[in-house]
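Asker: Here's my sequence, what's the structure:
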Amino acid sequence: MNRRFALFGFALLLPAPALAQLAMNQHPAENYRLRAEYRWFSTTLEGTAAKGVLDVPGTTFDVKTDLLMEDDTTWEARGTIRFGAKWKLRGGYTTLDYKGSATLENRIRLDDTTFQAGEEVSSSLKGGYYGGDLEWDFLTSGTGYLGVIAGARAPDVDVVLSSPALSKRELATYRPVCPVLGVAARLYANRVSIEGFASTFAKISGRKVTDLEISARINLSDRLAIGGGYRYLSFTAENGADFADFKVSGFTYGIELGL
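Answerer: Predicted structure coming up:
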């Protein structure tokens with residue numbers, strides 16, 4: 001489904017007339033040195049994980065069905081530095097913060113702590129999702145651009161389980177730094193622009209990240225825009241019997257400023 005979504009989105013972004021106007025100057029909104037964006041991210045969380053100790057494997061648990069973690073609206077910030085006509089440095093940060101409270105139906109062993117079935121357990125998943133890319137726009141015109149990106153993604157997540165009544169608490173940390181390659185594009189039509197990107201890479205040492213987005217903006221001026229879209233990101237980290245597989249997706253909305 002994700003591949004079909006990405007292909008459909010980029011098919012909309014890249015009509016033939018846009019590719020045929022390569023000799024034109026860039027759109028006025030692309031004449032910036034620094035671009036900053038702040039957005040709210042109404043997320044849906046999915047994920048499973050396990051973490052043991054020494055030769056004792058941990059229990060696989062689901063953050064929704066076992067821990068009853070609740071979806072939440074978070075935020076993200078992005079910045080782009082433009083140097084030259086076709087080169088950009090892009091960076092971003094998305095905060096992740098989820099909580100849950102449940103009576104366990106099954107035993108969960110996390111690291112060297114065991115939470116038994118029937119215990120009241122509080123849980124949290126907190127951290128951030130960092131990203132950085134170098135982008136080369138090999139096609140540019142007055143109606144937009146098409147570029148390739150190369151960079152890295154670095155999720156940094158702590159999962160905590162605690163049973164206050166029994167004075168139990170355990171922490172598992174997942175930091176799968178992953179390289180990515182992908183494409184990015186933006187198409188302008190008067191005051192409206194449509195943008196998308198897709199980035200991922202083959203699994204290396206049990207680590208993989210996928211990051212997709214499509215969004216639309218209303219350009220209030222050449223320097224200020226508001227808009228919204230849809231984003232999907234996932235990351236996997238495996239180390240023997242220990243693993244984490246988390247997915248975050250949902251609609252976004254926010255403001256963009258170019259200088």
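Asker: Would you map the helices across the chain?
Answerer: When assigned using DSSP state H, the helices of the chain occupy the ranges 2-13, 16-19.
Asker: What separation is there between the nearest residue to residue 73 once chain neighbours are set aside and residue 130?
Answerer: Of all residues not flanking residue 73 in the chain, residue 42 sits nearest, at 4.8 Å (C-beta to C-beta, 6 or more residues apart in numbering). Yep, even glycine has a C-beta here, placed from its N, CA and C like the rest. As judged by C-beta to C-beta, to the nearest Å, residue 42 and residue 130 stand 21 Å apart.
Asker: likewise residue 151?
Answerer: Between residue 151 and residue 130 the distance is 10 Å, computed by C-beta to C-beta.
Asker: When those two are compared, which one has more neighbours?
Answerer: Taking other C-beta atoms under 10 Å, residue 151 and residue 130 do not tie; residue 151 has more neighbours (20 against 15).
Asker: so the spatially closest residue to that one that is not a sequence neighbour bridges to which residues?
Answerer: The shortest distance from residue 151 to any non-neighbouring residue, by C-beta to C-beta, 6+ apart, is to residue 133 (3.3 Å). Note on residue 133: beta-bridge partners by DSSP bridges are residue 90, residue 151.
Asker: Residue 133: neighbouring residues, count only.
Answerer: Residues contacting residue 133 under the criterion other C-beta under 10 Å number 24.
Asker: same deal with the one 4 residues further on?
Answerer: The number of residues packed near residue 137 is 22, by other C-beta under 10 Å.
Asker: for it, what are its contacts?
Answerer: Contact analysis of residue 137 by C-beta atoms under 8 Å, 6 or more residues apart in numbering lists 85-88, 145-147.
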